[in-house]
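K.L.:
Everything below, folded, please.
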Amino acid sequence: MPPANLPKDRLRLAIQKSGRLSTDSLDLLKACGIKVKSPKEKLLLHADNFPLDLLFVRDDDIPQLVMDGVCDLGIVGQNVLEESALERGTTSAYVVERTLDFGGCRLAIALPEERPYTGLKDLAGLRIATSYPQLTKRYFAQQGVPAEIVTLSGSVEIAPRLGLADVICDLVSSGSTLEANKLRAVETIFKSTAALIRNARPLNPEKAHAFDIVLRRLDGVQKAAGTKYIMLHAPRANLTEIRKLLPGSENPTILPLAGDDSKVALHAVCAEDVFWETMDALKQAGASSILVLPIEKMML
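P.N.:
Residues are numbered from 1 along each chain as shown. Got it, this is the predicted structure:
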């Protein structure tokens, strides 16, 4: 149970104390209109304009803090969340409310470049070093491949060179760390992004109201990040063709052009990115004065 002295009307959100997820989480809150001062060395901060308190902790602690009810919400990588849930043997203590568009990575099996590999059977009986023993054990059990899991808390990529393990299972983003250590990824066992999680118990009315606002704003920010606003002039005769070229647009606004009855102004929200190839195709179809603008916020 959470401590009795926690505010009853303020949400408590746990985020990573430092690192990429911390920066991205604070940027997301800022985009949602929630003002939080720079964390510096503080572990607990209060939003200036919203009933939200931020707790800055190690990412490995976030799932437990949410599942135990110390925090109402958490932003954490799905890899960390799944590892913690497997360790505790339950997923019923939390709810994944939203997957977020940052923190993308994958948990992959990697082995020395010189080691031949034709399939998972080549890993049978080998020692596999990882910081994610539960995810790794589950994967190999599901594949029916016996392996010895060696748990390391850091610097997993140097385990083969030190003779601690034959291969590794570690997080991969760009792959540069593997390349620097003369390793190559051969199997992906788990794909991950950041996620917003909530304690499974119902929020009280005050917190539930604040949380609804957070979700609505977050959805608006994420929706806007993947959309563009496009404006152009189109010949009336080619309007159907031009509308088909607009990626993911629905019901564009069509306006008459002053002094030119042969053309219209078309304004549309495109649910997909608008690439130069799209603009070239629009130009070929007769469109002119094409403008593509980012959308900062969006509410449907």
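
K.L.:
use CA for all of it now, contacts and neighbours both
P.N.:
Fine.

K.L.:
If you count contacts, what does the worst-scoring helix or strand of the chain on mean pLDDT end up packed against?
P.N.:
Counting by mean pLDDT, DSSP states H and E, the chain has its least confident helix or strand at helix 176-180, which shows a mean of 87. Packing contacts for helix 176-180, counted by 3 or more CA pairs under 8 Å, 6 or more residues apart in numbering; DSSP states H and E, involve no helix or strand.

K.L.:
Tell me which other helices or strands the helix or strand following that helix touches.
P.N.:
Once helix 176-180 ends, the next helix or strand along the chain (criterion: DSSP states H and E) is strand 183-192. For strand 183-192, the elements it packs on are helix 78-88, strand 105-112, helix 133-143, judged by 3+ CA pairs under 8 Å, 6+ apart.

K.L.:
want to try CSV for these, with mean pLDDT as columns?
P.N.:
Converted to CSV, the helices and strands packed on strand 183-192 look like this (pLDDT from 0 to 100):
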stretch, mean pLDDT
helix 78-88, 94
strand 105-112, 94
helix 133-143, 96
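
K.L.:
The nearest residue to Val150 once chain neighbours are set aside in helix, strand or coil?
P.N.:
Nearest non-adjacent residue to Val150, counting by CA to CA, 6 or more residues apart in numbering: Ala129, 4.5 Å away. With DSSP: H, G, I helix; E, B strand; the rest coil as the basis, Ala129 sits in strand.

K.L.:
quick one, what contacts Ala129?
P.N.:
By CA atoms under 8 Å, 6 or more residues apart in numbering, the contact list for Ala129 reads 149-152, 156, 159, 164-169.

K.L.:
So which of those is the closest to Gly286?
P.N.:
Distance to Gly286 across the contacts of Ala129 (CA to CA) is lowest for Cys169, with 53.0 Å.

K.L.:
Need the residues that contact the helix or strand the closest one falls within.
P.N.:
In this assignment (DSSP H and E), Cys169 forms part of strand 167-172. Residues from elsewhere that reach strand 167-172 (CA under 8 Å, 6+ apart): 105-112, 126-132, 136, 156-157, 159-160, 178.

K.L.:
so where is the stretch 151-300 of the chain shaky, pLDDT-wise?
P.N.:
300 (pLDDT under 70).

K.L.:
switch the cut-off to 50
P.N.:
Along the stretch 151-300 of the chain, no part satisfies pLDDT under 50.

K.L.:
Just the strands from it, written as ranges.
P.N.:
For the stretch 151-300 of the chain, the strands defined by DSSP state E, counting those that start in this stretch cover 167-172, 183-192, 194-199, 228-235, 253-257, 260-270, 288-294.

K.L.:
do the same with the stretch 1-150 of the chain
P.N.:
In the stretch 1-150 of the chain, strands defined by DSSP E, counting those that start in this stretch lie at 11-16, 44-46, 52-57, 73-77, 94-99, 105-112, 127-130, 148-151, listed in chain order.

K.L.:
Any idea which of those strands has the lowest pLDDT on average?
P.N.:
Of all these, strand 44-46 carries the lowest average pLDDT, namely a mean of 90.

K.L.:
how about it: buried residues?
P.N.:
Using 16 or more other CA atoms under 10 Å as the test for burial, strand 44-46 gives 45-46.

K.L.:
Name every sheet partner of it and say whether each one runs parallel or antiparallel.
P.N.:
According to DSSP bridges, strand 44-46 forms sheet pairs with strand 52-57 (antiparallel).

K.L.:
Please find the angle between the direction vectors of the partner strand and strand 11-16.
P.N.:
Using axes from the mean of the first three to the mean of the last three CA atoms, to 10 degrees, the direction of strand 52-57 lies 30 degrees away from that of strand 11-16.

K.L.:
Output strand 52-57 as CSV, nothing but the C-alphas.
P.N.:
The C-alpha trace of strand 52-57 is given here as CSV (Å, rounded to 0.1, in the frame of the first residue of the first chain):
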residue,chain,number,x,y,z
LEU,A,52,1.5,16.1,-10.9
ASP,A,53,4.7,15.2,-8.9
LEU,A,54,7.7,13.6,-10.5
LEU,A,55,9.9,11.1,-8.8
PHE,A,56,13.4,10.6,-10.4
VAL,A,57,14.6,7.1,-9.9
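
K.L.:
Name the residues that touch stretch 131-146?
P.N.:
Contacts for stretch 131-146 (CA under 8 Å, 6+ apart): 82-83, 86-87, 120-121, 123-125, 130, 147, 149-154, 156, 169-170, 189-190.

K.L.:
switch to 10 Å and redo it
P.N.:
79-80, 82-87, 107-109, 120-130, 147-156, 168-171, 189-190 (CA atoms under 10 Å, 6 or more residues apart in numbering).

K.L.:
contacting residues around Lys30?
P.N.:
Shown in contact with Lys30 (CA under 10 Å, 6+ apart): 24, 36.
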